[in-house]
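[1] Sequence and predicted structure are below.
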Amino acid sequence: MKAAVVIPALNEEEPIADVVRECLATGLPNEVIVVDNGSTDRTAERARAAGARVVTAPRGYGRACAMGARAVSPECDIIVFLDGDGSDCPEFMNQLVDPIARGTHDFVIGSRTRGKREPGSMNAQQILSGYFAGMLMSILYGVRYTDMCPFRAIRRASLESLGMREMTYGWNLEMQMKAARNKLRILEIPVEHRCRTGGVSKVSGTWRGTLVAGSRILATFLRIAFASR
C-alpha cells in the first residue's frame, strides 16, 4: 500500500524544511503534501524546496487537513498527518503505517503521553485534556485514547467514510470520535515528542490561542456526542 503525508502549516518557515526532509528520509511516503494555511512568511517556498508538494487552504487547522487529504494522489491508500512545527518525530511513521498496510487496523494514532517527551514539549493543559477526552470517549464508545496527538495514520477509505466537518482545532478530536463511533479498528501507540523547532504555537503559545482551541474542541465534542445519541 502507498502512503502520503499531509502537513498543515501556518508560518512555519523555520522548521518546515527539516520536517519535510525527515519524512522523506523514512523512505515511506510516496508524496509529502504541505498545506499552507495562510502563511505570511516563506513556509511554502521552503517546503517546496525541501521536496514537498504545496497546496493552499484558507485559515483553519481542520480546513488545512481536509484540503491536504483531498490533494493526495489517487494511488495512495494511507494518509499520515503530522504537524509542521518539528515537534512530531517522523521516524515513528512506519509504526503508524504498518498495522494499516498489514490489514489489521484502519486508524493508528500516536500517544505523546505514553511515549518519551522532551521536557517542555507539552503543557499540563494538553496532557490533562487528552486524558479527559479519552475518558469521556471510553464511556461513550468503549474506546480509550490517552492523547489527541496530531501524528496519526488512517486508511484513506476510512477517512472518507467519516464525513469530517470540523474545520478548526476540533478536527483531530472529531476524527477520533467518529472512528470510535464507526467501529474502525483503532490502535494507539507510544511516540516520542519534541519541543517545536521554530515559530510560535498557535494553540499553547498564548492564552488566547489556548482558549480559542479549547472552546472549539469542546464544541466539537458536544456536537458529535449528542449527534450519536
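    Nice, I can see it.

[2] mind checking the SS state of residue 70?
    helix (DSSP: H, G, I helix; E, B strand; the rest coil).

[3] can you give me the helices for the chain?
    For the chain, applying DSSP state H gives helices covering 16-25, 43-50, 61-71, 93-101, 124-141, 156-162, 171-181, 207-227.

[4] Deepest-packed of the ones you listed, please.
    When you average the neighbours per residue for each of the helices of the chain (mean count of other CB atoms under 10 Å), helix 171-181 leads with a mean of 23. From N, CA and C alone the C-beta is placed, and that goes for glycine too.

[5] Could you list every helix and strand in contact with the helix or strand bottoming out on mean pLDDT in the chain?
    Ranked by mean pLDDT, DSSP states H and E, the weakest helix or strand in the chain is helix 207-227, scoring a mean of 78. In terms of contacts (3 or more CB pairs under 8 Å, 6 or more residues apart in numbering; DSSP states H and E), helix 207-227 is packed against helix 124-141, helix 171-181.

[6] Which of these comes out lowest on mean pLDDT?
    Among the helices and strands packed on helix 207-227, helix 124-141 carries the lowest mean pLDDT, a mean of 91.

[7] Packing partners of that helix?
    So helix 124-141, by 3+ CB pairs under 8 Å, 6+ apart, packs with helix 171-181, helix 207-227.

[8] which residues does residue 166 contact?
    Each residue near residue 166 by CB atoms under 8 Å, 6 or more residues apart in numbering is listed here: 62, 173-174, 216, 220.

[9] If we use 7 Å, what do you get?
    Residues near residue 166 by CB atoms under 7 Å, 6 or more residues apart in numbering: 62, 174, 220.

[10] Quick one: low-confidence residue ranges for this protein.
    Where the chain drops to pLDDT under 70, the residues are 201-210, 212, 228-229.

[11] and if we set it to 80?
    Low-confidence segments of the chain (pLDDT under 80): 199-214, 228-229.

[12] before we move on, the earlier item: CA atoms of the least confident helix or strand of the chain as PDB?
    Listed next in PDB are the C-alpha coordinates belonging to helix 207-227 (Å, rounded to 0.1, in the frame of the first residue of the first chain):
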ATOM      1  CA  TRP A 207      -3.700  32.300  26.400                       C
ATOM      2  CA  ARG A 208      -6.000  33.400  23.600                       C
ATOM      3  CA  GLY A 209      -4.900  30.500  21.400                       C
ATOM      4  CA  THR A 210      -5.400  28.100  24.200                       C
ATOM      5  CA  LEU A 211      -8.900  29.400  24.900                       C
ATOM      6  CA  VAL A 212     -10.000  29.500  21.300                       C
ATOM      7  CA  ALA A 213      -8.700  26.000  20.600                       C
ATOM      8  CA  GLY A 214     -10.200  24.700  23.800                       C
ATOM      9  CA  SER A 215     -13.600  26.200  23.000                       C
ATOM     10  CA  ARG A 216     -13.600  24.600  19.500                       C
ATOM     11  CA  ILE A 217     -12.600  21.200  20.900                       C
ATOM     12  CA  LEU A 218     -15.300  21.300  23.500                       C
ATOM     13  CA  ALA A 219     -17.900  22.400  20.900                       C
ATOM     14  CA  THR A 220     -16.800  19.600  18.600                       C
ATOM     15  CA  PHE A 221     -17.100  17.000  21.400                       C
ATOM     16  CA  LEU A 222     -20.600  18.100  22.300                       C
ATOM     17  CA  ARG A 223     -21.800  18.200  18.700                       C
ATOM     18  CA  ILE A 224     -20.600  14.700  17.900                       C
ATOM     19  CA  ALA A 225     -21.600  13.200  21.200                       C
ATOM     20  CA  PHE A 226     -25.200  14.400  21.000                       C
ATOM     21  CA  ALA A 227     -25.400  13.600  17.300                       C
END
